[in-house]
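[1] Sequence first, predicted model second:
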Amino acid sequence: MKELALTQEQFDSWKKQEQRQWIKDHPTSKFGQHPTSPVNKELPKTALTPGQRKKEAEKKFLEIVKSKSPDDRKAFLAARNAGVAIPPAWTNITYHEKPVDGVIAEGTDAKGRRQRVEDAAYRQGRIAEKHKRIQATLEPKFNSIVNKLKRNLDSPEAQVLYLIAKSGFRIGDRTDGKTEHQAYGASNLLGKHAKVDGDTVTFDFIGKEGVQQYHVIKDPLIAKMVAGKEPDERIFKTNAEKVRNAWKELGGEKVHDIRSLLATRIAKNIIAKTIKPNNDKEYRALQKKVAEAASKKLGNRPSEALNTYVDHEVFRNLLSDRSGITETALAKRAHVLTEYDTDAQEFEEIPDKDEEQAMKKELDKNRNTSRIDKNKERALMETAILLVAEKALSRLELSSEADDRKIASLRQRLKQIREKHEQDQSRYATQVDNLRQQIRLLNNKDEER
């Protein structure tokens, strides 16, 4: 069929499939441009040169600045001239040409949260001071405090503190501004968040930043505390402020210090069982192992656990008699972005996206872990596709032009697929459990060696 022999009327009379095939074979054809038969004629994207990218970035920056108040505009420009990147959503900005207590800039993000840009070296110094305080004041008496709590669990505050000491959970304080959902911690857990099986308790709840927390703890005292609660009933009849006051009465300073102490203990335990590294590669591998173990306990990112919660003095002790090792695994940045954390009652670092991706890529090199993640991702995708198909079929049933026989056939086919998918899900869960057991055995063998 030749283009010259066609008219628009003839083209419109074709089936949609024939029209699409024609447009595919004749991309420059005048037919197919009719409003009823639109054709997508996107031009191929060409890579921008460095100069063009710079111009595009400058254009976007000027657009952002125009939308700001005069004071914020002045702060944005001053920060940029000094090489300091301020998040574009910030308002009510205060910029310090000379850092004040390590703070370079302060502002409010789109959700009303107070954030800072801090000098990285100054922040590292503050974190080091925090760990020094914890090791000097809390570490020597922590076990005795836990034993004291264990002997007297009559008050809900004591129960919460005992749970935090054993689990490393956050205290749980108000709604997390980073998500639309309530963020839970030890003090505000509900009955539905804990499943008791004998002396074993499985905790499953949404924590800070909407991260799903899943922890299994074997402790008869904790099992007794959480048993018999209604799904929407608070497990502990208290709040974060009362728990903080109880902690101070026991001689502690900040409840959040418990998380840093536990992470550092994990690091010390791993280092004690590991052959001392002789080069940078072995040193980074050791830090990676510590980061994974600490983040699993605390329920946060490996990079966050390593940079904020583990006392780096445990690593520096390894450097003293190993001249071939440098502290290459630690982040070397000029600035860090921080945000006020209500649980910690201080500003905590917002992990850098590039750093997070690099750490995740490093951790995902474990082949077995990657297999688990990919299988889980595939299962979730299949579930989503089935839900979309079922909704589309339901809409089709409501249509006046629907073919009842065809719909019945499709419904039956979808039911068969759903049943097979659920069987596969069950098989997948079994495979994952077997795989995790194999990983655990391999890890135990490695530690024995």
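    That came through, no problem.

[2] Can you list the buried residues in stretch 106-124?
    Glu106, Gly107, Asp109, Gln115, Arg116, Val117, Glu118, Asp119, Ala120, Arg123, Gln124 (16 or more other C-beta atoms under 10 Å). (C-beta placed from N, C-alpha, C; glycine too.)

[3] cool, and stretch 258-271?
    Within stretch 258-271, judged by 16+ other C-beta under 10 Å, the buried ones are 258-268, 270-271.

[4] Okay, now the unreliable bits of the stretch 201-350 of the chain?
    319-336, 340, 342-345, 348, 350 (pLDDT under 70).

[5] What segments of it are helices?
    Secondary structure of the stretch 201-350 of the chain (DSSP state H, counting those that start in this stretch): helices located at 220-226, 240-249, 257-272, 280-298, 302-304, 313-319.

[6] Nearest approach to Ile134 belongs to which of those?
    helix 257-272 (5.1 Å; C-beta to C-beta).

[7] how much does the closest one deviate in direction from helix 240-249?
    If you take axes from the mean of the first three to the mean of the last three C-alpha atoms, to 10 degrees, helix 257-272 sits at 60 degrees to helix 240-249.

[8] which residues touch helix 257-272?
    With C-beta atoms under 8 Å, 6 or more residues apart in numbering as the test, helix 257-272 has contacts from 130-131, 134-135, 138-139, 142, 164-165, 168, 170, 252, 286, 289-290, 293-294, 297-298, 305, 308-311, 314-315, 318.

[9] and if we set it to 7 Å?
    If you take C-beta atoms under 7 Å, 6 or more residues apart in numbering as the criterion, helix 257-272 is touched by 130-131, 134, 138-139, 142, 164-165, 168, 289-290, 293-294, 297-298, 305, 309-311, 314.

[10] Over to stretch 132-147?
    In contact with stretch 132-147 (C-beta under 7 Å, 6+ apart) are residues Ala165, Leu250, Gly251, Gly252, Asp257, Ser260, Leu261, Asp311.

[11] out of those, who's nearest Glu339?
    Relative to Glu339, the closest of the contacts of stretch 132-147 is Ser260; by C-beta to C-beta it sits at 17.8 Å.

[12] any idea how far Glu139 is from that closest one?
    Applying C-beta to C-beta, to the nearest Å, one obtains 10 Å for the distance of Ser260 from Glu139.

[13] for Arg80, same thing?
    Counting by C-beta to C-beta, the gap from Arg80 to Glu139 is 44 Å.

[14] And Asp311, by the same measure?
    Asp311 is 10 Å from Glu139, where distance means C-beta to C-beta.

[15] same check, this time on Gln182
    For Gln182, the distance to Glu139 - C-beta to C-beta - is 33 Å.

[16] quick revisit: pick the most buried one from the helices of the stretch 201-350 of the chain.
    Looking across those with neighbours counted as mean count of other C-beta atoms under 10 Å, the highest average goes to helix 302-304: a mean of 22.

[17] what's that one packed up against?
    Helix 302-304 makes packing contacts with helix 280-298, helix 353-363 when contacts are defined by 3 or more C-beta pairs under 7 Å, 6 or more residues apart in numbering; DSSP states H and E.

[18] Show me where the chain has its strands.
    Secondary structure of the chain (DSSP state E): strands at 91-100, 103-108, 114-119, 194-197, 200-206, 212-218, 335-341, 346-349.

[19] Would you mind giving these as TSV with distance to Pro50 added?
    Putting the strands of the chain into TSV (distance: least, C-beta to C-beta, whole Å) gives the following:
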stretch	distance to Pro50
strand 91-100	28
strand 103-108	27
strand 114-119	26
strand 194-197	55
strand 200-206	43
strand 212-218	41
strand 335-341	24
strand 346-349	31
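
[20] among those, which is nearest Lys148?
    Comparing these against Lys148 with C-beta to C-beta, the closest turns out to be strand 212-218 (19.9 Å).

[21] quick check: angle from that closest one to strand 200-206?
    Relative orientation of strand 212-218 with respect to strand 200-206: 170 degrees, computed using the same axes, to 10 degrees.

[22] tell me the contacts of Leu149?
    For Leu149, counting by C-beta under 7 Å, 6+ apart, the contacting residues are Ala158, Leu161, Tyr162, Ala165.

[23] Among those residues, name the ones in helices.
    The subset of the contacts of Leu149 located in helices under the criterion DSSP state H comprises Ala158, Leu161, Tyr162, Ala165.

[24] hmm, which two among these are most spread apart?
    Ala158 and Ala165 (10.5 Å).

[25] picking that back up, need the ones in helices among the contacts of Leu149 in JSON lines with distance to Ile23 and neighbour count, can you?
    Output for those, formatted as JSON lines (distance: C-beta to C-beta, whole Å; neighbours: other C-beta atoms under 10 Å):
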{"residue": "Ala158", "distance to Ile23": "73", "neighbour count": "21"}
{"residue": "Leu161", "distance to Ile23": "69", "neighbour count": "27"}
{"residue": "Tyr162", "distance to Ile23": "69", "neighbour count": "22"}
{"residue": "Ala165", "distance to Ile23": "68", "neighbour count": "20"}
